[in-house]
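Attaching a predicted model along with its sequence, questions to come.
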Amino acid sequence: MAEFFNEYIFGNGPWSWLGYVVAALIACILVIHVVAVGAMGFIWLERKVAGRIQDRLGPTRVGGKFGWLQTLADGIKLIAKEDFTPDVADRFLFKIAPYVAFAASFSAFIALPFADGVVANHVNTAVFFVLAVLGLEVFGVILAGYGSGSKWSLFGAMREAAQVVSYEVPLGMCVVVPVFLCGTMNLTTIGNMQEGFITNWLVFNDPFTFVIAMVYFTCATASVNRAPFDLAEAESELVAGFHTEYSGLRWSLFFMAEYGSMFLVSGLAVILFFGGSNGPIPVGDWLANLLGGVKEGSIGANLPSLGAITVGVIGVANFILKGVIGVIVMIWIRWTFPRLRIDQVMSMCLKYCVPIAAFGFIGAVGWEVLDLPTPNNLDEKSRYEYHEKWSHEYLETQQQTKPAANDRHARQAVPTEAIITTVAVSQNAVEVNGGKQ
């Protein structure tokens with residue numbers, strides 16, 4: 001995007017930095033709309049789903065027959081409400097806590113690819129970045145509970161801290177499995193490795209990975225403080241938990257962060273297990289071939305081809321649809337199961353999720369090492385070609401880089417024979433145990 005602005009607007013002279021500034025602002029605006037508009041839609045969706053489960057209609061008046069504008073009306077009401085701060089509260093911590101929680105949820109979207117090339121910032125270690133930043137949301141909850149000066153808020157904050165820290169262990173173990181299968185922490189690459197038919201999705205790679213996907217979704221639901229794991233705001237015990245003393249816009253920021261995190265963990269599950277931006281049938285690739293392929297620059301310099309645009313639009317639609325389905329499942333679970341006790345929540349993590357995740361990890365590794373049959377190879381398309389192609393390009397770059405004569409610690413150039421070996425693997429010319437590796 002920055003190259004486009006510099007090519008057609010700012011030029012490549014002294015004002016070229018403006019292209020990167022404008023591109024960054026556009027990315028931030030788009031990401032914050034994903035969080036804000038998504039939260040507005042998910043709140044309406046939760047009311048409608050909860051109504052249907054409880055044999056009622058939900059919103060039906062504001063904004064027409066289906067109550068489309070009910071959430072918008074509630075947002076206007078919250079903005080107009082008094083921003084009240086308790087006398088015994090730590091005013092600085094109390095006021096900054098909602099923004100810390102929202103910023104953590106917002107920042108994690110920076111490295112989440114909605115399709116190949118549709119990402120705010122391309123990060124090679126995106127899996128690590130998303131999980132690390134998402135875990136910072138708990139600091140907003142702790143600050144809110146401690147800064148409120150209320151024992152109910154403090155109890156809720158301590159529950160949230162214990163719960164999030166505990167469930168990050170099995171959550172991380174589940175994420176390691178697709179990283180191991182694909183050999184990369186780049187979310188874009190992991191998504192591209194699952195292109196083709198639905199059999200290429202990692203959730204169908206082996207039975208252990210399927211179980212790991214279910215454990216991941218359970219731990220993700222707990223990590224974003226959703227029922228039946230919402231002990232931090234249990235109204236039957238703690239009034240409203242960590243946000244008891246909040247009102248108005250600051251109160252709404254906590255729920256914007258919660259619904260944003262729900263879509264985030266669902267989107268991460270989509271990329272790691274459910275094909276990323278690829279649909280069950282490669283319709284986008286078929287349409288792109290009819291439109292002349294996906295080679296860049298066929299329309300103009302620094303502009304993608306019509307086929308690439310088609311693949312991108314269909315990919316974003318696939319990703320959003322799968323992410324929304326994940327959010328709907330979380331909503332469905334909330335209004336189906338009763339809230340657990342805090343001891344039951346911790347026991348489920350330590351006695352069930354951690355052992356099952358460890359067993360699934362060992363099984364998935366063993367399945368891969370033994371090269372057992374997998375549906376991912378039914379269409380004879382190896383997912384390794386993406387990773388190996390990237391490795392080949394990296395080795396070529398390393399070979400072209402010459403260290404300075406006085407630099408004794410610089411790495412030597414990669415031998416030519418190493419590059420030849422990598423090229424052979426990337427072209428699928430080598431077969432190991434009957435499977436393309």
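Now that the structure is in, tell me what you want to look at.

Can you tell me, leaving aside adjacent residues, what's nearest to E368?
Of all residues not flanking E368 in the chain, L181 sits nearest, at 6.4 Å (Cβ to Cβ, 6 or more residues apart in numbering). The way it works is simple: take the backbone N, C-alpha and C, and place the C-beta from them, glycine included.

Tell me the helices and strands packed up against the strand or helix carrying that neighbour.
Element membership of L181, judged by DSSP states H and E, is helix 151-182. Applying 3 or more Cβ pairs under 8 Å, 6 or more residues apart in numbering; DSSP states H and E, one finds that helix 151-182 contacts helix 126-134, helix 137-147, helix 187-192, helix 207-223, helix 235-238, helix 248-273, helix 342-347, helix 354-369.

Domain parsing of this protein, as residue ranges.
Following automatic domain parsing, the chain resolves into domains at 1-80, 81-377, 384-436.

Just name the most buried of the ones you listed.
A comparison of the domains of the chain by mean neighbour count, using mean count of other Cβ atoms under 10 Å, puts domain 81-377 on top with a mean of 20.

shaky segments in the stretch 1-150 of the chain?
Residues of the stretch 1-150 of the chain meeting the criterion pLDDT under 70: none.

Could I get the full set of helices for it?
All helices of the stretch 1-150 of the chain, identified by DSSP state H, counting those that start in this stretch, fall at 2-5, 17-53, 70-80, 91-108, 126-134, 137-147.

Report all helices and strands that the second one contacts.
Packing contacts for helix 17-53, counted by 3+ Cβ pairs under 8 Å, 6+ apart, involve helix 2-5, helix 70-80, helix 91-108, helix 248-273, helix 306-334.

Pull the distance from the second one to the chain's centre.
When you say that, I think you mean helix 70-80. Centre-to-centre, helix 70-80 and its host chain are 28 Å apart (Cα atoms, centre = their mean, to the nearest Å).

Now do it against helix 17-53, angle only.
Calculated by axes from the mean of the first three to the mean of the last three Cα atoms, to 10 degrees, helix 70-80 forms an angle of 110 degrees with helix 17-53.

Also the longest one?
Taking the same axes, to 10 degrees, one finds that helix 306-334 is oriented at 40 degrees with respect to helix 17-53.

name the helices or strands packed onto helix 306-334?
For helix 306-334, the packing partners by 3+ Cβ pairs under 8 Å, 6+ apart come out as helix 17-53, helix 207-223, helix 248-273, helix 283-290.

Helix 306-334 and the last one, what's the angle between them?
Taking the same axes, to 10 degrees, one finds that helix 283-290 is oriented at 170 degrees with respect to helix 306-334.

pLDDT weak spots in the stretch 301-437 of the chain?
301-304, 378-437.

Nearest the middle, which residue of this structure would you pick?
Centroid-nearest residue in the chain: L268, 3.3 Å away (criterion: Cα atoms, centre = their mean).

Go ahead and confirm that one touches L112.
Yes - if you go by Cβ atoms under 8 Å, L268 and L112 touch, sitting 7.1 Å apart.
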